[in-house]
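Trainee: Here's my sequence, what's the structure:
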Amino acid sequence: MKMSQSHQQPALSKCPGCEEPLDAGDLFCGACGYDLSAVPARPDDRPTMAITVPPAAGAVRWPAAAGTGSSDVPAPVQHPADLPVTDSGGRPPAEPEHGQEPVGGPEAGPVPVRHDDRAEPGGAADSGDFALAAPDPRTAEHTASPATAPAHGAKVCVACRSGRVDPDGYCENCGHAQPRERDHMEQELDAVAAVSDRGLRHHRNEDSFAVSSTALPDGSPAVVAIVCDGVSSASRPDEASAAAASAANEALLESLPRGTHPQAAMHEAIVAASEAVNALAQEPAGAMEHDAHRHQNAPACTLVGAVMAGGLLVVGWVGDSRVYWVPEDRAQPTARLTEDDSWAAQMVAAGLMNEAEAYADERAHAITGWLGADAYELEPHTAAFKPDRPGLVVVCTDGLWNYAESAEEMAAAVPADAHERPLHAAQVLVGHALDGGGHDNVTVALLPFAVRSQGAGSACETV
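Mentor: Numbering: from 1, shown residues only. Down below sits the predicted model:
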């Protein structure tokens, strides 16, 4: 998620810890978890010899590889077994004890593997994403040895299933960073389900959601789904999205039972969410002194929500998260019910580009509307629909719709039994984004819409 105003990011192209490539704006390395905000300044001197190396007279001289060709032909690989075995002072090592294999021999133990290694270039798994830092916990079987087995009740590593997790959240056995509570979240009520996932490239989940249900004054049900996407270039985007989702949900649960029209209630909820995000920027200036590298711009996020109440479907949004309508009868037309607050949408609306051209531009996802103290004038968008047929309401962040952008593509990704199994369908949609690359956080909420009686038609009212 990007704001229309650019913010200065640390000019790092590779992680100082593992030398893996970095994306612009990353605060942590996605491979090894290195805190990029704490990168030390480059020293003035650059010694060429470590202080533990013996003087030059006792240094080890590595032989040249045999068969070296011309400058245009690389030298053959020098294997450890081809080199004379010496210790750090250049002397032959002591004879191995009985039962041990010589150092560098054919039966030498396995070479340690870096847990941040990427797939081999050009290989089958070379998709541009990092390979798993450890065996997939869904398929790998592990047996904990008595020496490394965690104490009873201790947290066990999700990757190797044998190591104890230290207080910093890393496995003491394999070093794998453990998932945080917000890395993957799921919730299901009777008439709504939502799933949020960190994705494959971000170091944390900056999305948030809230789903709930209540009753109108006449006793009929009202179902609420709010989805928020933190603006990564802003300060504390994860806190902003959580505050906005919670505030909007609470506002709707307060106003709907009082009889407030759902569309007016949605407008009030977006205003309440905006005030909650604005409040995050009002903390004392000294609150961030402990982290001199932390971004100082105001917390920000987008918001999209849907309410089903009294036969109406009401949606509201600020930013580029979306709502799609997928009819139960897939032969009927699908639709996108929101319009992005983004550079691409503005270009299309002004007739300067068609949709394909606009969204192919690198500026496409620069948003022009968001919640936050440094936002332009708040302009909540709301729309009310009265569907005349059953369908599914898909509320999602761009982490999903980037991989199913058109209404037809989204409908094709939604499982056929989504109305009966909304949680499973939400899980499938998140998996669709992860299979597509998972370059962003992914959040989706699904609301099956049932029509009790056929009406004369459908109505739409937009603000």
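Trainee: which residues does residue 392 contact?
Mentor: The contact partners of residue 392, taken as CB atoms under 8 Å, 6 or more residues apart in numbering, are 325-328, 414, 418-419, 422, 425, 446-449. All C-beta atoms are positioned from the backbone trio N, CA, C, and that covers glycine.
Trainee: can I get those residues in CSV with secondary structure and neighbour count?
Mentor: Converted to CSV, the contacts of residue 392 look like this (DSSP: H, G, I helix; E, B strand; the rest coil; neighbours: other CB atoms under 10 Å):
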residue, secondary structure, neighbour count
325, strand, 23
326, strand, 24
327, strand, 17
328, coil, 16
414, coil, 23
418, coil, 22
419, coil, 18
422, helix, 25
425, helix, 25
446, strand, 29
447, strand, 24
448, strand, 21
449, strand, 22
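Trainee: Any chance of those residues in CSV with pLDDT and distance to residue 299 as columns?
Mentor: Shown next, in CSV, are those (pLDDT from 0 to 100; distance: CB to CB, whole Å):
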residue, pLDDT, distance to residue 299
325, 97, 31
326, 97, 33
327, 96, 38
328, 94, 39
414, 97, 32
418, 96, 33
419, 93, 37
422, 97, 31
425, 97, 32
446, 98, 28
447, 98, 28
448, 97, 33
449, 95, 33
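Trainee: By mean pLDDT, point me to the weakest helix or strand of the chain.
Mentor: Of all the helices and strands that make up the chain, the one with the lowest confidence by mean pLDDT, DSSP states H and E is strand 459-462; it has a mean of 44.
Trainee: sorry, back to before: of the contacts of residue 392, which is the nearest to residue 251?
Mentor: residue 447 (18.2 Å; CB to CB).
Trainee: ok, that closest one - contacts?
Mentor: By CB under 8 Å, 6+ apart, residue 447 lies in contact with 191-192, 223, 225, 306, 308, 392-393, 395, 422.
Trainee: which of these count as buried?
Mentor: Buried by 16 or more other CB atoms under 10 Å: 191-192, 223, 225, 306, 308, 392-393, 395, 422, out of those.
Trainee: Low-confidence bits of the stretch 151-300 of the chain, can you list those?
Mentor: By pLDDT under 70, the weakly predicted segments of the stretch 151-300 of the chain are 151-154, 158-159, 161, 283-296.
Trainee: at 80 instead, please
Mentor: Scanning the stretch 151-300 of the chain for pLDDT under 80 picks out the ranges 151-162, 167-169, 176-180, 283-296.
Trainee: returning to that earlier point: next, format the contacts of residue 392 as a markdown table and append distance to residue 344.
Mentor: Shown next, in a markdown table, are these (distance: CB to CB, whole Å):
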| residue | distance to residue 344 |
| --- | --- |
| 325 | 21 |
| 326 | 23 |
| 327 | 26 |
| 328 | 31 |
| 414 | 24 |
| 418 | 28 |
| 419 | 32 |
| 422 | 30 |
| 425 | 28 |
| 446 | 26 |
| 447 | 27 |
| 448 | 30 |
| 449 | 28 |
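Trainee: wait, which of the residues you listed is closest to residue 353?
Mentor: Distances from residue 353 to the contacts of residue 392, taken as CB to CB, are shortest for residue 325 (25.3 Å).
Trainee: Name the nearest residue to that closest one, ignoring sequence neighbours.
Mentor: Once flanking residues are discounted, residue 325 sits nearest to residue 335: 4.6 Å by CB to CB, 6 or more residues apart in numbering.
Trainee: Over to residue 182?
Mentor: With CB to CB, 6+ apart as the criterion, residue 182 has its nearest non-adjacent residue at 4.5 Å, and that residue is residue 205.
Trainee: what's the one you found sitting at in phi/psi?
Mentor: phi -90, psi 120 (degrees, to the nearest 10).
Trainee: Ok, residue 256 next?
Mentor: Residue torsions, per degrees, to the nearest 10, at residue 256 are phi -60, psi -50.
Trainee: Residue 388 too?
Mentor: phi -100, psi 10.
Trainee: got it, and residue 421?
Mentor: phi -130, psi 70.
Trainee: Please apply the same query to residue 244.
Mentor: Backbone torsions of residue 244, given as degrees, to the nearest 10, read phi -70, psi -40.
Trainee: For the nearest residue in space to it that is not next to it in sequence, give me the backbone phi and psi.
Mentor: Sequence neighbours aside, residue 273 is the residue nearest to residue 244 in space, at 4.0 Å (criterion: CB to CB, 6+ apart). Per-residue torsions, residue 273: phi -60, psi -40 (degrees, to the nearest 10).
Trainee: Residue 400 versus residue 273, what's the distance?
Mentor: Distance from residue 273 to residue 400, counting by CB to CB, to the nearest Å: 21 Å.
Trainee: cool, residue 300 as well?
Mentor: 20 Å.
Trainee: for residue 271, same thing?
Mentor: 26 Å.
Trainee: of the two, who's got more company?
Mentor: Taking neighbours as other CB atoms under 10 Å, residue 271 and residue 400 compare with residue 400 leading, 30 against 16.
Trainee: correct me, but that one touches residue 434?
Mentor: No. Contact criterion CB atoms under 8 Å: residue 400 and residue 434 do not qualify, at 10.0 Å.
Trainee: Backbone torsions only: list them for residue 331.
Mentor: phi -70, psi -20.
Trainee: Actually, residue 298.
Mentor: As for residue 298, its main-chain torsions (degrees, to the nearest 10) stand at phi -70, psi 150.
Trainee: Same check on residue 245?
Mentor: Backbone geometry at residue 245, expressed as degrees, to the nearest 10, gives phi -60, psi -40.
Trainee: That one: how many residues sit nearby?
Mentor: Residue 245: 25 neighbours (other CB under 10 Å).
Trainee: got it, and residue 384?
Mentor: 20.
Trainee: what do you get for residue 386?
Mentor: Residue 386 has 15 nearby residues by other CB under 10 Å.
Trainee: beta partners of it?
Mentor: Per DSSP bridges, the residues bridged to residue 386 are residue 459.
Trainee: just checking, it touches residue 309?
Mentor: No. With contact defined as CB under 8 Å, residue 386 does not count as touching residue 309 (11.4 Å).
Trainee: Now the element after the host helix or strand of residue 348, going C-ward?
Mentor: In this assignment (DSSP states H and E), residue 348 forms part of helix 343-349. Later in the chain than helix 343-349, the nearest helix or strand by DSSP H and E is helix 355-360.
Trainee: Show me what counts as buried in that next one.
Mentor: Those would be 358-359, for helix 355-360 by 16+ other CB under 10 Å.
Trainee: Give me the phi and psi angles of the residue lying closest to residue 191 once chain neighbours are set aside.
Mentor: Nearest residue to residue 191, sequence neighbours excluded (CB to CB, 6+ apart): residue 223, at 4.7 Å. Main-chain torsions, residue 223, degrees, to the nearest 10: phi -120, psi 140.
Trainee: Which pLDDT value goes with the closest residue to residue 13 other than its chain neighbours?
Mentor: In space, and not counting its chain neighbours, residue 13 is closest to residue 22: 6.2 Å by CB to CB, 6+ apart. As predicted, residue 22 sits at a pLDDT of 77.
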